[in-house]
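S.K.: Pasting a predicted model and its sequence here:
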Amino acid sequence: MKRKLGLLVCLLLIISVSLPLFAQAEQETGPKVINLWSFTDEVPKMMEKYKELNPDFDYEIKTTIIATTDGAYQPALDQALISGGADAPDIYCAESAFVLKYTQGDAASFAAPYKDLGIDVDKKLKEADIAQYTVDIGTNPDGKLVGLGYQATGGAFIYRRSIAKDVWGTDDPAVVGSKVGPGWDKFFSAAEDLRKKGYGILSGDGDLWHAIEGASEKGWIVDGKLYIDPDREAFVDMAKMMKDKGYMNDTRDWTDAWFADMKDAGEKPIFGFFGPAWLINYVMAGNSGGSAPGEGTYGDWAVCEPPVGFFWGGTWVLGNTNSRHKEVVGDIIEWITLDSSETGLQYYWANGTLNGPGGTKDTVASGTVMSKSDGRLDFLGGQNMFDVFVPAGQFATGKNKHQYDETINMYWRDQVREYTAGNKSRAATIADFKQQVKDNLDIDAH
């Protein structure tokens, strides 16, 4: 009897050792598929170049693209992460408006630390000179890096050269930067100079808000309660002054009137916009009324340091902690976010050569890459935009963001526009805003 029990124990031991090995073997020999989820085709298109550079890469990239319009992307991604299994995302993308949910918030448990994906994080961050705000946003509550971007979205002030010459006698970015900043007092002094000559300094209050929001010391939620940072509260008065004094055309961003001001087709000529390089490349250039210097406002723009540091937008790339292909996922994510060599994604992206020569040059997360790349743009009158956007990235902060920013910002901006339009008092504006947040998000004010 004892002998039979001994054999049974031995057999159970063999089975218990064999099962994990079998499972591991099955995992390694299972379908070679990487599931990639995104809300645009940017990252999926990068994979064509990755496969070209790595001819031995024998995985199928199965792509799911769901636009963020109508809020469709996040619920679908959440369900796929929760469901798990063979169709779960191995790599997934999150936009700045909601990335904190996936790095620090409700869905942070799915994001694998980059170190667990085989990435030498500390060494690569230093080599690539990654702007700190992107690291802060991509770091989970345990202090581990789980997401990084490939674009740099630090903001600059993008201004009309011809208007600068008319008002101050020069379009030199260093001089214009000293006129519009540092600080808001100098900015509004410049606004008065421009007004006297018949120009607005900005198109609408949204242009001002993106800079103020990004530069504020604290975000909307502090210790679980709604907090209105003094800089953000000051926006109420700044927006009112902008309207009352005629410093803007009172447009709303992403409307036809806003786009019209980029081609000088608005109520009065507008001097500038606050934004990162993507605003220049993908919004302003196409709305400038031309496609070459001398056509519309194309070529009549330049960039200088903004009065305050901020960032706007960006895409962070994350790996699923439950992925069965962690090493491969790590290699791909490192190539996109931390490879500062001339065969890394960011070098192609910065120089406009991802799909061959002559593509769109863009700012990238790596300061090392931008320092060895050609950022001259015809749209900016031949200026090398990297000279301004590298320090802009270092100037920005990522410590004032919260996963509910998108919703709270909408409430705030709508309430402020009611005030500037004269429909309610300042006190009622702030009280109604707090009530809106309480009613819809169940968050009390400090």
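M.R.: Noted; the coordinates are in hand.

S.K.: and Ala392, how many neighbours?
M.R.: By the criterion of other Cβ atoms under 10 Å, Ala392 has 28 neighbours. To be clear about C-beta, it is placed using only N, CA and C from the backbone, and glycine gets the same treatment.

S.K.: Then Arg232?
M.R.: Applying other Cβ under 10 Å, we find 22 residues neighbouring Arg232.

S.K.: Show the contacting residues for it.
M.R.: Contact partners of Arg232, counting by Cβ atoms under 8 Å, 6 or more residues apart in numbering, are 212-213, 216, 412.

S.K.: Please tell me which one of the residues you listed counts the most neighbours.
M.R.: Sorting the contacts of Arg232 by how many neighbours each has (other Cβ under 10 Å) puts Trp412 first, at 24 neighbours.

S.K.: isn't it right next to Lys434, touching?
M.R.: No: with contacts counted by Cβ atoms under 8 Å, Trp412 stays clear of Lys434, the gap being 10.3 Å.

S.K.: what helices or strands is the helix or strand harbouring Ser189 leaning on?
M.R.: Secondary structure assignment for Ser189, by DSSP states H and E: helix 184-196. Contacts defined by 3 or more Cβ pairs under 8 Å, 6 or more residues apart in numbering; DSSP states H and E place helix 184-196 against helix 161-168, helix 173-180, helix 230-244.

S.K.: what's the helix or strand for Pro391?
M.R.: helix 386-395.

S.K.: cool, and Trp316?
M.R.: According to DSSP H and E, Trp316 maps onto strand 315-319.

S.K.: who touches that strand?
M.R.: 38, 40, 42-43, 90-96, 99, 102-103, 110-112, 114, 117, 134, 137-138, 146-151, 326, 329-330, 333, 336-337.

S.K.: elements contacting the next helix or strand after that strand?
M.R.: Remark: after strand 315-319, the chain's next helix or strand is helix 326-337, criterion DSSP H and E. Under the contact criterion of 3+ Cβ pairs under 8 Å, 6+ apart, helix 326-337 touches strand 33-38, helix 42-53, strand 91-95, strand 147-149, strand 315-319, helix 345-351.

S.K.: picking up where we left off before, which one of the helices and strands packed on helix 184-196 lies closest to Cys304?
M.R.: With Cβ to Cβ as the criterion, Cys304 lies closest to helix 173-180 of the helices and strands packed on helix 184-196, at 3.6 Å.

S.K.: Measure how that closest one sits relative to helix 161-168, angle-wise.
M.R.: Put simply, helix 173-180 runs at 60 degrees to helix 161-168, going by axes from the mean of the first three to the mean of the last three Cα atoms, to 10 degrees.

S.K.: Can you give me the buried ones in helix 173-180?
M.R.: For helix 173-180, the neighbour count (16 or more other Cβ atoms under 10 Å) marks 173, 176-177, 179-180 as buried.

S.K.: Within the sheet, what are the partner strands of the strand holding Trp316, with directions?
M.R.: According to DSSP bridges, strand 315-319 has the following sheet partners: strand 91-95 (antiparallel), strand 147-149 (antiparallel).

S.K.: what's the pLDDT at the nearest residue to Trp184 once chain neighbours are set aside?
M.R.: Using Cβ to Cβ, 6 or more residues apart in numbering and skipping residues adjacent in sequence, the residue nearest Trp184 is Pro307, 5.9 Å away. In this model, Pro307 is scored at 96, pLDDT.

S.K.: Which residue would you name as the spatial centre of this structure?
M.R.: In the chain, the C-alpha nearest the mean C-alpha coordinate belongs to Gly314, at 1.8 Å (Cα atoms, centre = their mean).
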